[in-house]
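In: here is my input; please provide its structure:
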Amino acid sequence: MSKYVAAIDQGTTSTRCMIFDQDGAVVAVAQTEHDQIFPKAGWVEHNAIQIWDNTRKVCAEAMAHGDISTSDVAAIGITNQRETTVVWDKTTGQPVYNAIVWQDTRTDKICQQLAGDEGADRFKAKVGLPLATYFAGPKARWVLDNVEGAREKAEAGDLLFGTMDTWLMWNLTGGVDGGIHVTDVTNASRTLMMDLATLDWDDDIVAEMGLPKSMLPEIKSSSEVYANARDKGVFAGVPLGGILGDQQAATFGQVCFEPGMAKNTYGTGNFVLLNTGEEQVLSKNGLLTTVCYKIGDSKPIYALEGSIAVTGSLVQWLRDNLQIIKAAPEVEDLARSVEDNGDVYVVPAFSGLFAPHWRSDARGAIVGLTRFANKGHIARAALEAVAFQSKEVVDAMNADSGVDLTELKVDGGMVVNDTLMQFQADLLGVPVVRPKITETTALGAAYAAGLAVGFWKDESDLTKQWAEDKRWEPQMDGAERDRLVRKWNKAVQRTLDWVEDED
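Out: Predicted coordinates:
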């Protein structure tokens, strides 16, 4: 009998394979980073071939580290950076252009053209999203409009479009030799082209987007056996049973199965998801309506989401661009070298501002600088920016749902930072709770795949596995919280209207 489930976690900065046992414990992991390509200001790209090569590499390494054979693995789940878009030639298997990353802002003019006189919410009633550079559809349109010969090839039916789950699934199942072209409802709901009610592509919107429908993958549930892996790698013959966009996967891994349950993932960006059950809640406060998950033939479960572009990547910026730290974990010690932020605020609008503002014209700013300020204050302000942005989203979520959050489950790489987690609890005024397994994104993908093959019986089996590791209780005086939030709001205003047409 198979003893494990594997998850391929294709993230913004790295790809990894994690292998879990029946108790949801990690038995093996391998991870490798890929190149971040910045051709112009606001442009962010990845090499999709490099990512596929890295995927094969980490899968083999994880199996070797755990001394695990193929027959030991019951199923494979995939989770991925959601809106990052790749267009490739189905006859050669080669991308026609680098993958355009979710943070990339080059599609601003395309989004403005699509919005026309009706504005950014033109398609929101159907797709749950505003027209913004964040989403995948306009990125594919940019490729067809700007890569020589791409539109002609697309019209001839030779090109395929997908987010990274689709790209990996196609390669894992044979690629040019019969690879399947599918995505799941969570990733499809991030393209601006899927009708949330029908869970299918909306023909009118696809036509407005300027994409031949033949490019689009078939939309499946998040948990079913799509095919067996046919790649010559270590997983050949193993069922591929789960696909979840990374933030939905983290929500699933945090077992937020009941309406009203929420989690916040602290990764490259931050993403707060609130389970709204079978009801689609259209936000009036700058949040996204998205599919949370769909298990097999069951009804879809929806979520409200607040997406924040730059959080963990702000720490990378301190490390790589400013070079005030040598490694990401050093940021906490540097931040604790000062008593407070020294009235310094960092607003990391490197790709504009996402939820709840949706301002692509914003750019990053450090405000409140005096001769007193030092690198410790900047480090502390950077950490606090993560918590301030999360508070903006939680406040919007409380307003949309009509129910105030009572605690926040957290996961992702930054939740080991005690200073940040305490400040987050202080700003929200509610407890922040970290689970024992913090890598819930990969765990969620494993759960979805395991359910598809009966490795786990049902969601109640998964709920039993969740365990609390640490809890931070709010300690800050309310008047101090209000003062800090007021100053943050002033700082945000300083970032707006920076980008001009000629930029």
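In: CA atoms for contacts and neighbours, from now on please.
Out: Will do.
In: burial of the nearest residue to D497 once chain neighbours are set aside, as a residue count?
Out: Leaving aside its sequence neighbours, D497 sits nearest to D361 (C-alpha to C-alpha, 6 or more residues apart in numbering; 5.3 Å). D361 has 19 neighbours, counted by other C-alpha atoms under 10 Å.
In: just the element for the residue nearest to V338 when sequence neighbours are not counted, please.
Out: Spatial nearest neighbour of V338, excluding adjacent residues (C-alpha to C-alpha, 6+ apart): G376 at 6.0 Å. Taking DSSP states H and E as the criterion, G376 maps to helix 375-401.
In: check which helices and strands that helix sits against.
Out: Helices and strands touching helix 375-401, by 3 or more C-alpha pairs under 8 Å, 6 or more residues apart in numbering; DSSP states H and E, are strand 270-277, strand 301-308, helix 312-317, helix 330-335, strand 345-347, helix 418-428.
In: so for the shortest one, mean pLDDT?
Out: Meaning strand 345-347. Taken as a whole, strand 345-347 has an average pLDDT of 96.
In: direction included, what does that strand pair up with?
Out: strand 365-367 (antiparallel) (DSSP bridges).
In: cool, the first one as well?
Out: Pairing partners of strand 270-277, with direction, according to DSSP bridges: strand 262-266 (antiparallel), strand 301-308 (antiparallel).
In: tell me which of those strands sits nearest to V432.
Out: Nearest of those to V432, taken as C-alpha to C-alpha: strand 262-266 at 9.6 Å.
In: how about the helices in the stretch 1-150 of the chain?
Out: For the stretch 1-150 of the chain, the helices defined by DSSP state H, counting those that start in this stretch occupy 48-65, 108-115, 124-127, 136-146, 150-155.
In: could I get these as CSV with mean pLDDT, distance to D195 and mean neighbour count?
Out: Converted to CSV, the helices of the stretch 1-150 of the chain look like this (pLDDT from 0 to 100; distance: least, C-alpha to C-alpha, whole Å; neighbours: other C-alpha atoms under 10 Å):
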stretch, mean pLDDT, distance to D195, mean neighbour count
helix 48-65, 95, 28, 19
helix 108-115, 92, 17, 17
helix 124-127, 92, 5, 20
helix 136-146, 97, 13, 22
helix 150-155, 95, 23, 17
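In: and of those, who's closest to K220?
Out: Among the helices of the stretch 1-150 of the chain, the nearest to K220 by C-alpha to C-alpha is helix 124-127 (16.7 Å).
In: export the closest one as PDB, just CAs?
Out: Only the C-alpha atoms of helix 124-127 are listed here, as PDB (Å, rounded to 0.1, in the frame of the first residue of the first chain):
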ATOM      1  CA  LYS A 124     -16.600  41.900 -12.100                       C
ATOM      2  CA  ALA A 125     -20.100  40.600 -11.700                       C
ATOM      3  CA  LYS A 126     -19.200  37.500 -13.700                       C
ATOM      4  CA  VAL A 127     -15.600  36.900 -12.800                       C
END
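In: ok, and what's touching that helix?
Out: With C-alpha atoms under 8 Å, 6 or more residues apart in numbering as the test, helix 124-127 has contacts from P130, S189, L192, M193, M194, D195, L196, A197, L282, T289, T290.
In: of the residues you listed, which belong to strands?
Out: In strands, judged by DSSP state E, the following of the contacts of helix 124-127 are found: M194, D195, T289, T290.
In: what is the neighbour count of D497?
Out: By other C-alpha under 10 Å, 13 other residues sit near D497.
In: can you tell me which residues contact the residue nearest to V338?
Out: Here G376 is in contact with L334, A335, R336, S337, V338 (C-alpha under 8 Å, 6+ apart).
In: straight-line length of stretch 300-317, end to end?
Out: Its first and final residues considered, stretch 300-317 spans 38 Å by C-alpha to C-alpha, to the nearest Å.
In: just the buried ones out of the contacts of G376, please.
Out: Buried subset of these (neighbour count, 16 or more other C-alpha atoms under 10 Å): L334, A335, V338.
In: save the residues you listed as TSV, and put in distance to L369 and pLDDT too.
Out: Output for the buried ones among the contacts of G376, formatted as TSV (distance: C-alpha to C-alpha, whole Å; pLDDT from 0 to 100):
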residue	distance to L369	pLDDT
L334	17	93
A335	16	93
V338	15	94
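In: what strand or helix carries G242?
Out: Counting by DSSP H and E, G242 is found in strand 239-245.
In: name the nearest residue to G66, sequence neighbours excluded.
Out: A28 (5.1 Å).
In: does the one you found have beta-bridge partners, and which?
Out: I19.
In: V58 is in contact with that one, correct?
Out: No - if you go by C-alpha atoms under 8 Å, A28 and V58 don't touch, sitting 10.5 Å apart.
In: same question for the helix holding G376: list its buried residues.
Out: 375-394, 396-397, 400-401.
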